[in-house]
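Q: Based on what follows, work out the 3D shape:
(chains A, B, C and D)
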Protein chains: 2
Amino acid sequence: MSQQQDDAMNILASDISVKDVTCDHDHRASCSNCRLGSLCLPIAVSTEDIEQIDNIVLRSRPIDKGHHLFNQGDNFKSIFAVRSGTIKTYSLSPSGKEQINGFYMPGEIFGMDGISDFSHASSAVALERSAVCEIPYDSLGILSNELPSLQRHFMQLMSREIANDQRLISWLGKNSADERIAALILSLSARNVRRKFSATEFRLPMSRTDIANYLGLTIETVSRILSKFSKQGVIELQNKELKISDMEKIREIAGIK
Amino acid sequence: MSQQQDDAMNILASDISVKDVTCDHDHRASCSNCRLGSLCLPIAVSTEDIEQIDNIVLRSRPIDKGHHLFNQGDNFKSIFAVRSGTIKTYSLSPSGKEQINGFYMPGEIFGMDGISDFSHASSAVALERSAVCEIPYDSLGILSNELPSLQRHFMQLMSREIANDQRLISWLGKNSADERIAALILSLSARNVRRKFSATEFRLPMSRTDIANYLGLTIETVSRILSKFSKQGVIELQNKELKISDMEKIREIAGIK
DNA sequence: CGTGCGCTTGATAATGGTCAAGACGCGTGG
DNA sequence: CCACGCGTCTTGACCATTATCAAGCGCACG
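A: Take a look at the predicted model:
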């Protein structure tokens, strides 16, 4: 049963991180004192090794809402880690429709889909004022030769992303709208907890349109179901401020039928 | 437009390979003379390097239909490449339902979801008599230190799997049953072509139940749609033997609305 | 020669999409 | 400070698609 709940909570997580702590917009911090450190970085890496990694990481100044980090088709140079805020990745189908691939929150890594053919398969945009670390792939490759544990860590990150994506694939085909939305709420909650924030009260960083697109639903259905959850007393929602009133119930809804 | 068609064809491919040639059940062949060689192996690897790889690869005797290569939860030791036949990977939800993650055909690599936590996230079973190569992950790691191009190749394989999975995620949420089935047929066709077999006539290696499970549909819907396609004259189907009679039409059906 | 499994087909029901109207919230400019 | 306008969200009525339930076919195998 608790296994079931964990699954439901994590299924939409795009969760490729190990641990998590809160973090701010400061773009001068180094890896060794970043409050997210243990998350992005291999656990087994020694302090001296961290300094080497530190040297190759580029820390951006904050990115404003709506601004892009990269666009589909851009040359691939770096992978990114979120320091603060929320990043959405999406791709455009040939007919021009937007398809959201994932939402990334502090400590999570994105951009790995560009490695295979040296070009980004998706675009990345900030949903709110955000900060990221940029890790040039070339430097990473060179450094990996010296630090086998770093290489192993990245293989693990990618493997976890694969396992997660595949779980999501089997999930999306088979689950009702209620289940999808409940699972997304639990995923956001769980990711909040890892950052030492409230499990039950937080702000939805994305629009209803984004939620609908991500979950493969229409905006009307999303709206209706959120209203239904409110009426049933499992959540309270005004605008984007969400409070989970009945965690057990929402786990039950998200749970496998 | 041709871009669109390519997308539809590849979207369900689990396609992490580069090139492809046909291959047989012989389990004694070495990597250097395997007819699938250029597919599993990095293109940039020299002949001497291939011999080193050859030494770490274990070639299994054929696996009978229904037999498992590994089970969900097993210790992760190796990744696998299909030599012949078809392998299905699936996971069991906590409630015991089977969820198919992918079908793997000759030259394709599977098992990479186990790297992250040293335990297989899925089970792998042969859908027909099949042969695979087993690549122990430990040896691969050691060898990667000596052959940077091998390491790069594996990062690319994994990245491609991520990009593919993510395309599939956005896809599954939003497409009709007709589109899903047409896309699966095109995917099988395209993979057949890469193995130098017919684009239009082949055998469906999996049951209707498997197709339904994989695509997130019911078996009845799959059956009905295949019948409909037959009546419309876009395919001919008896049992598992499939012939695509109107490739243009099926591309149109699979194509983005 | 049954028995069972995989598949097909039909009737009916439920889920979610589509179309349409209106409410709410937020930023801008008067 | 208020009014306007636009974009986002909600709600309702109706419809399309697919699931569910049920029956029956056909082939493989004991």
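
Q: host element of A:Glu248?
A: Assigned by DSSP states H and E, A:Glu248 falls within helix A:247-254.

Q: Any residue of that helix touching DNA strand C?
A: No: Helix A:247-254 lies apart from DNA strand C when judged by CB under 7 Å from any atom of the strand; the minimum separation is 11.4 Å. C-beta coordinates here come from the backbone N, C-alpha and C atoms, glycine included.

Q: In terms of secondary structure, what does that helix contact?
A: With contacts taken as 3 or more CB pairs under 8 Å, 6 or more residues apart in numbering or on different chains; DSSP states H and E, helix A:247-254 sits against helix A:2-10, helix A:177-194.

Q: any idea which of those helices scores lowest on pLDDT?
A: In terms of mean pLDDT, the lowest-scoring of those is helix A:2-10 (a mean of 44).

Q: Could you figure out how far the helix holding A:Glu248 is turned away from helix A:177-194?
A: Using axes from the mean of the first three to the mean of the last three CA atoms, to 10 degrees, the inter-axis angle of helix A:247-254 relative to helix A:177-194 is 130 degrees.

Q: Quick check: buried residues in helix A:247-254?
A: Residues of helix A:247-254 classed as buried by neighbour count (16 or more other CB atoms under 10 Å in any protein chain shown): A:Met247, A:Lys249, A:Ile250, A:Arg251, A:Ile253, A:Ala254.

Q: Who are the packing partners of the lengthiest helix in chain A?
A: In terms of residue count, the longest helix belonging to chain A (DSSP state H) is helix A:148-174. In terms of contacts (3+ CB pairs under 8 Å, 6+ apart), helix A:148-174 is packed against helix A:47-56, helix A:137-146, strand B:87-92, strand B:98-104, helix B:137-146, helix B:148-174.

Q: Reformat the ones you listed as TSV; add distance to DNA strand D and mean neighbour count.
A: What follows is those, written out as TSV (distance: least, CB to the nearest atom of the strand, whole Å; neighbours: other CB atoms under 10 Å in any protein chain shown):
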stretch	distance to DNA strand D	mean neighbour count
helix A:47-56	37	14
helix A:137-146	34	16
strand B:87-92	18	22
strand B:98-104	14	23
helix B:137-146	37	16
helix B:148-174	10	22
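
Q: Let me know which of these is the nearest to A:Pro94.
A: helix B:148-174 (11.8 Å; CB to CB).

Q: so which of the buried residues of helix A:247-254 comes closest to DNA strand C?
A: The closest of these to DNA strand C turns out to be A:Ile253 (CB to the nearest atom of the strand; 11.4 Å).

Q: which residues touch that closest one?
A: Contact partners of A:Ile253, counting by CB atoms under 8 Å, 6 or more residues apart in numbering or on different chains, are A:Asp178, A:Glu179, A:Ala182, A:Val234.

Q: Go through those residues and give me the one with the most neighbours.
A: Highest neighbour count within the contacts of A:Ile253, by other CB atoms under 10 Å in any protein chain shown: A:Ala182, with 24 neighbours.

Q: quick one: that residue from A:Asp246, how far?
A: Per CB to CB, to the nearest Å, A:Ala182 is found 11 Å from A:Asp246.

Q: Kindly report the same for A:Ala177.
A: Taking CB to CB, one finds A:Ala177 at 19 Å from A:Asp246.

Q: Also A:Ile100?
A: From A:Ile100 to A:Asp246 the distance is 28 Å (CB to CB).

Q: Same question for A:Gly96.
A: In terms of CB to CB, A:Gly96 sits 40 Å off from A:Asp246.

Q: Between these two, point out the one with more neighbours.
A: Remark: of A:Gly96 and A:Asp246, A:Asp246 carries more neighbours, 15 against 7, as counted by other CB under 10 Å.
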